[in-house]
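Participant: Structure, please.
(one chain, ligands or ions: 2)
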Amino acid sequence: MGPSLDFDPLALAIAPPPNETPQEREAREYAEAEAIRISNEIDEQIRRERDKERKKRKPVKLLLLGQSESGKTATLKNFQLIYAKREWLEERNAWRPVVYFNLVRNVNCILDLLTREMSAQSARDTVSSSDESSEDLQHPPLKFKEKHRLLKLRLGPLKRVQTDLERRLGSTAIEPHSTSVTTAAPFGEDRRALQEFSINSTNGWKTALEKIKAMRSARTEATEGPLRKVNDVDDEIAEVIAGCKDDIKAIWEDSTVRELLNRSKTRLEDAAGFFLNDVDRIAATNYQPSDDDVIRARLRTLGVQEYRFIFENGRTAGQEWLLYDVGGTRSSRAAWYPYFDDVSCFDEKLAEDRRVNRLEDSYLLWRSICSCKLLARTQIILFLNKCDLLQAKLMRGVRIRDSVPSFGDRRNDLATATRYFQQHFREILKQYSPVQRSFFVHLTSVIDTRSTAATLGTVEESILRDHLRRADLM
Ligand SMILES: Nc1nc2c(ncn2[C@@H]2O[C@H](COP(=O)(O)OP(=O)(O)OP(=O)(O)O)[C@@H](O)[C@H]2O)c(=O)[nH]1
Ligand SMILES: [Mg+2]
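Facilitator: Ligands and ions are numbered 1, 2, ... in the order given. Down below sits the predicted model:
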């Protein structure tokens, strides 16, 4: 054993010098206190920075809620377009078959109507050629010509194209027309259907696009031969569509067909995935989707989809965002956060339940979200979307009070209408929210990518502020 030290070297090092004068002692003690203060300040600063970093690294979570076709997925795509451009560009071309599918569906919808009307007419002609009294004087029968029969015949192959694309895209391509769920509320007692809607990232648009890519490469391998080289399935479809280009334009521009659409109250222009005005561009064999095409392309969302983006730019560059996109049909409403809605729908019915007015359903949905205790501490942002369609509808002379009697004699214009709807949503929030919270609302048309970029900038900032404030709680 070595000799034991009977003194503490540290104590010796910091001990005051011998013969210290009172002034020297005062100066030393002051310097020591100051050193401790600075050291504590540095520690505190490091702790704050670490805290900030930790909070910043937590993903920002955003849940998009609203009725089916209100534009949730279109908003999500805008987020990707603005903040994750690289991924957007990588994916853009894969939307080509979806645009084809939407276009072909538009044409087949016209063909179905035409076929039904033409056969109904010939049935009427044979039964009562002499019974003039049964004729609707307000709507004399439409006069179909040989041209219409030929168009039907020549556009026939598009049926097969639709079926083929439907098979490839899977159930996201099928729009539901009935539901057994009778409540608008996603947080009701009846949670039987919930297991079907667990969060997953394997069933959204990415999966549908991936499926197509996989089929494309399998097909390419199988057909690579000396006689015929088919690049991919899309090219085959592109050829069929290009071959039908003039007929598609002719049927869409035909005045008798337009009248038929009017009479059956079918407004394809307002429907999801409308591309008939872009046939020249889309039916070109070298067609590549534009950003706007991708935003407007329609694939239904099933269940709850999770999308993970690292934002490349904006105030939150480098920040991870988790965006949850839900299916909006009544049977899909499961677990929702910021709420999203469409205001052009005041005179429309739910596609999945024709008895229910869409605006009434929105109010019920909003009430359910506002009153949900689980979401009480969540920031809610209301998007009143499809303002462009609302404006067009009002310009056509559709009167709000015919569908919403409480609107009364107010001016039937966009500003008055949106003010009125906002007020209603605001009152519901005030009345049903378990805690007092601010009402954030944006009037949007998310197919307009430029104005949406500005809106999302504001939303990003507001969400981030809230996120940082409550990062520990998320
Ligand atoms: N004109 C117009 N069309 C829009 C607007 N927002 C969305 N759309 C279109 O409406 C259709 C439906 O939009 P989606 O984003 O698929 O709707 P969703 O809310 O995700 O619907 P689900 O997935 O069924 O819940 C798409 O074709 C969109 O391009 C808008 O503001 N104006
Ligand atoms: Mg969707």
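Participant: buried ones in stretch 92-102?
Facilitator: Buried residues in stretch 92-102, defined by neighbour count with 16 or more other C-beta atoms under 10 Å: 92, 94, 95, 96, 97, 98, 99, 100, 101, 102. Placement of C-beta: from N, CA and C, glycine included.
Participant: Among these, name the ones in helices.
Facilitator: Here DSSP state H is the test, and the buried residues of stretch 92-102 give 92, 96, 97, 98, 99, 100, 101, 102 as lying in helices.
Participant: Tell me the one among these nearest to residue 469.
Facilitator: residue 92 (35.9 Å; C-beta to C-beta).
Participant: quick revisit: of the ones in helices among the buried residues of stretch 92-102, which are in range of ligand 1?
Facilitator: Filtering these for proximity to ligand 1 by C-beta under 6 Å from any ligand atom leaves nothing.
Participant: For ligand 1, state which of these is nearest.
Facilitator: Top of the list for closeness to ligand 1, among these and by C-beta to the nearest ligand atom, is residue 102 at 7.4 Å.
Participant: which ones are touching the spatially closest residue to the closest one that is not a sequence neighbour?
Facilitator: Taking C-beta to C-beta, 6 or more residues apart in numbering, and ignoring the residues beside it in sequence, residue 102 has residue 273 as its nearest neighbour in space, at 3.3 Å. Taking C-beta atoms under 8 Å, 6 or more residues apart in numbering, we find residue 273 in contact with 101, 102, 105, 106, 296, 297, 298.
Participant: One more: residue 456?
Facilitator: Counting by C-beta under 8 Å, 6+ apart, residue 456 makes contact with 75, 78, 79, 82, 83.
Participant: What is the most widely separated pair among the residues you listed?
Facilitator: For the contacts of residue 456, the farthest-apart pair by C-beta to C-beta is 75 and 83; their separation is 12.3 Å.
Participant: possible to save the contacts of residue 273 as JSON lines with pLDDT, secondary structure and distance to residue 312?
Facilitator: Putting the contacts of residue 273 into JSON lines (pLDDT from 0 to 100; DSSP: H, G, I helix; E, B strand; the rest coil; distance: C-beta to C-beta, whole Å) gives the following:
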{"residue": "101", "pLDDT": "95", "secondary structure": "helix", "distance to residue 312": "30"}
{"residue": "102", "pLDDT": "96", "secondary structure": "helix", "distance to residue 312": "28"}
{"residue": "105", "pLDDT": "96", "secondary structure": "helix", "distance to residue 312": "34"}
{"residue": "106", "pLDDT": "96", "secondary structure": "helix", "distance to residue 312": "34"}
{"residue": "296", "pLDDT": "96", "secondary structure": "helix", "distance to residue 312": "23"}
{"residue": "297", "pLDDT": "95", "secondary structure": "coil", "distance to residue 312": "23"}
{"residue": "298", "pLDDT": "93", "secondary structure": "coil", "distance to residue 312": "26"}
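Participant: Determine which residue lies closest to the centroid of the chain.
Facilitator: Here the mean C-alpha position of the chain is nearest to the C-alpha of residue 73 (C-alpha atoms, centre = their mean), at a distance of 1.7 Å.
Participant: what's the host helix or strand of that residue packed up against?
Facilitator: Applying DSSP states H and E as the criterion places residue 73 in helix 72-83. For helix 72-83, the elements it packs on are strand 60-64, helix 85-92, helix 291-296, strand 304-310, strand 320-326, helix 449-469, judged by 3 or more C-beta pairs under 8 Å, 6 or more residues apart in numbering; DSSP states H and E.
Participant: Make a markdown table from those and add distance to ligand 2 to it.
Facilitator: Output for these, formatted as a markdown table (distance: least, C-beta to the ion, whole Å):
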| stretch | distance to ligand 2 |
| --- | --- |
| strand 60-64 | 8 |
| helix 85-92 | 16 |
| helix 291-296 | 12 |
| strand 304-310 | 8 |
| strand 320-326 | 6 |
| helix 449-469 | 16 |
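Participant: closest to residue 160 out of these?
Facilitator: Comparison of those against residue 160 by C-beta to C-beta identifies helix 291-296 as nearest, at 23.2 Å.
Participant: buried sites along the closest one?
Facilitator: With burial defined by 16+ other C-beta under 10 Å, the residues of helix 291-296 counted as buried are 291, 293, 294, 295, 296.
Participant: can you count the residues close to the closest residue to residue 86 other than its chain neighbours?
Facilitator: Nearest residue to residue 86, sequence neighbours excluded (C-beta to C-beta, 6+ apart): residue 312, at 6.5 Å. The local packing of residue 312 (other C-beta atoms under 10 Å) involves 15 other residues.
Participant: Ligand 1 versus residue 312, what's the distance?
Facilitator: Per C-beta to the nearest ligand atom, to the nearest Å, residue 312 is found 22 Å from ligand 1.
Participant: mind listing what that residue touches?
Facilitator: Residues counted as contacts of residue 312 (C-beta under 8 Å, 6+ apart) are 83, 84, 85, 86.
Participant: Wasn't it part of a helix?
Facilitator: No: secondary structure assignment places residue 312 outside any helix; it is coil (DSSP: H, G, I helix; E, B strand; the rest coil).
Participant: Show me the shaky parts of the stretch 201-350 of the chain.
Facilitator: When residues are selected by pLDDT under 70, those of the stretch 201-350 of the chain lie in 201-208, 210-232, 328-346, 349-350.
Participant: Same question for whatever residue of it ends up closest to ligand 2, what's its three-state structure.
Facilitator: Of all residues in the stretch 201-350 of the chain, residue 301 sits closest to ligand 2, at 3.1 Å by C-beta to the ion. The three-state assignment at residue 301 reads coil, by three-state DSSP.
Participant: And stretch 240-259, end to end?
Facilitator: Taking C-alpha to C-alpha, to the nearest Å, stretch 240-259 runs 27 Å from one end to the other.
Participant: Look up phi and psi at the nearest residue to residue 270 once chain neighbours are set aside.
Facilitator: Distances taken as C-beta to C-beta, 6+ apart put residue 389 closest to residue 270, at 5.4 Å, once the chain neighbours are dropped. Reported as degrees, to the nearest 10, the phi and psi values for residue 389 are phi -70, psi -30.
Participant: which parts of the protein sit against ligand 1?
Facilitator: Taking C-beta under 6 Å from any ligand atom as the contact definition, the chain meets ligand 1 at 66, 68-74, 272-273, 295-296, 298, 300-301, 327-328, 385-386, 388-389, 445-447.
Participant: Looking at the contacts of residue 312, state which has the most neighbours.
Facilitator: For the contacts of residue 312, neighbours tallied by other C-beta under 10 Å; top is residue 83, 23 neighbours.
Participant: tell me the contacts of the residue nearest to that one when sequence neighbours are not counted?
Facilitator: Residue nearest to residue 83 in three dimensions, not counting chain neighbours: residue 311, with 4.2 Å by C-beta to C-beta, 6+ apart. For residue 311, the set of contacting residues under the criterion of C-beta under 8 Å, 6+ apart consists of 83, 84, 317, 318, 319, 320, 321.
Participant: Looking at the residues you listed, spot the one nearest residue 251.
Facilitator: residue 84 (38.7 Å).
Participant: Without its sequence neighbours, what residue ends up closest to the closest one?
Facilitator: Counting by C-beta to C-beta, 6+ apart, the nearest residue to residue 84 once its immediate chain neighbours are dropped is residue 309, at 4.3 Å.
Participant: residues near the one you found, how many?
Facilitator: Each residue near residue 309 was counted by other C-beta under 10 Å, and the total is 19.
Participant: Now do the residue nearest to residue 400 when sequence neighbours are not counted, the pLDDT please.
Facilitator: Leaving aside its chain neighbours, residue 400 sits nearest to residue 407 (4.5 Å; criterion: C-beta to C-beta, 6+ apart). Model confidence at residue 407, expressed as pLDDT, equals 94.
Participant: Understood, closing this out.
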